[in-house]
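Asker: this is a predicted model, with the sequence first.
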Amino acid sequence: MSEEYVVNNCAPTLAGIKTGSLFSCRCQRKEALDFVKDLNTLFIDKGLLILPLKIDKELTLFYVYRPEKLKNDLSDPKAVSILKETGYKNLKPEYLISTLAKKLKDKNAFPHEIGLFLGYPPDDVKEFMRDKENCTLTGYWKVYKNVEKAKRTFSQFDKCFRIYKTKFKEGFSLKRLTVNTDNNY
């Protein structure tokens with residue numbers, strides 16, 4: 001695992017323009033937990049966290065997210081409705097993440113509400129859960145509503161990835177590339 005892997009998979013989240021990102025990587029449990037500890041030390045004053053959502057024998061699914069953005073996203077009435085419909089009882093973000101992690105361990109189903117944890121629009125998440133085929137646009141997620149706004153967002157993400165990958169190759173550190181979105185600093 002390397003910081004470059006985080007940059008290549010999480011640039012919009014690092015930049016503060018996306019709530020969360022997921023990436024998986026082959027590593028043993030101890031290596032994954034050490035990686036999380038090191039990155040959380042780096043991220044602590046940037047308003048960002050990383051968690052291992054699922055650890056299998058050799059593959060770990062990591063979740064990099066901005067807790068304040070997540071709290072805001074998941075308080076949207078449409079998001080709350082989806083979460084309740086999909087079995088989330090307590091709506092505190094920590095509980096929601098814990099429940100999502102438990103659902104990810106279930107081999108029989110995939111929690112498609114995961115899009116809410118990544119900052120996808122609740123309308124699109126709900127439509128995807130209902131109809132996975134008939135979207136209007138495919139990009140970072142499947143879009144069913146507000147296509148023009150999604151196109152602008154996809155373009156912004158693309159630009160962010162290009163810039164972050166270039167800057168990292170030029171020697172910018174992960175810490176330097178991670179934007180502080182916490183208003184307390």
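Answerer: Yep, it's here.
Asker: other SSEs contacting the host helix or strand of residue 25?
Answerer: Here residue 25 sits within strand 20-26, counting by DSSP states H and E. In terms of contacts (3 or more CB pairs under 8 Å, 6 or more residues apart in numbering; DSSP states H and E), strand 20-26 is packed against helix 3-14, strand 59-65. From N, CA and C alone the C-beta is placed, and that goes for glycine too.
Asker: low-confidence ranges in this structure?
Answerer: 1, 182-185 (pLDDT under 70).
Asker: residue boundaries of the strands in it?
Answerer: 20-26, 49-55, 59-65, 137-138, 142-143 (DSSP state E).
Asker: turn these into CSV, including distance to residue 71 and mean neighbour count.
Answerer: Output for the strands of the chain, formatted as CSV (distance: least, CB to CB, whole Å; neighbours: other CB atoms under 10 Å):
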stretch, distance to residue 71, mean neighbour count
strand 20-26, 12, 18
strand 49-55, 12, 19
strand 59-65, 10, 21
strand 137-138, 28, 12
strand 142-143, 24, 22
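Asker: how about the ones you listed in JSON lines, adding distance to residue 43?
Answerer: Shown next, in JSON lines, are these (distance: least, CB to CB, whole Å):
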{"stretch": "strand 20-26", "distance to residue 43": "13"}
{"stretch": "strand 49-55", "distance to residue 43": "6"}
{"stretch": "strand 59-65", "distance to residue 43": "8"}
{"stretch": "strand 137-138", "distance to residue 43": "31"}
{"stretch": "strand 142-143", "distance to residue 43": "29"}
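Asker: outside of the longest helix along the chain, which residues touch it?
Answerer: For the chain, the longest helix by residue count, based on DSSP state H, is helix 147-169. Helix 147-169 is contacted from outside by 3-4, 7-8, 11-12, 14-15, 17-18, 121, 124, 136-137, 139-141, 143, 174, 177, using CB atoms under 8 Å, 6 or more residues apart in numbering.
Asker: angle of that helix against helix 3-14?
Answerer: For helix 147-169 against helix 3-14, the angle by axes from the mean of the first three to the mean of the last three CA atoms, to 10 degrees is 140 degrees.
Asker: report the buried residues of helix 147-169.
Answerer: Using 16 or more other CB atoms under 10 Å as the test for burial, helix 147-169 gives 150, 153, 154, 157, 160, 161, 164, 168.
Asker: looking at those, spot the one nearest residue 71.
Answerer: For the buried residues of helix 147-169, the minimum distance to residue 71 (CB to CB) is 20.2 Å, reached by residue 153.
Asker: quick check: the closest one vs residue 63, distance?
Answerer: 20 Å (CB to CB, to the nearest Å).
Asker: residue 22 against residue 62, yeah?
Answerer: Yes: between residue 22 and residue 62 there is a contact at 6.9 Å, judged by CB atoms under 8 Å.
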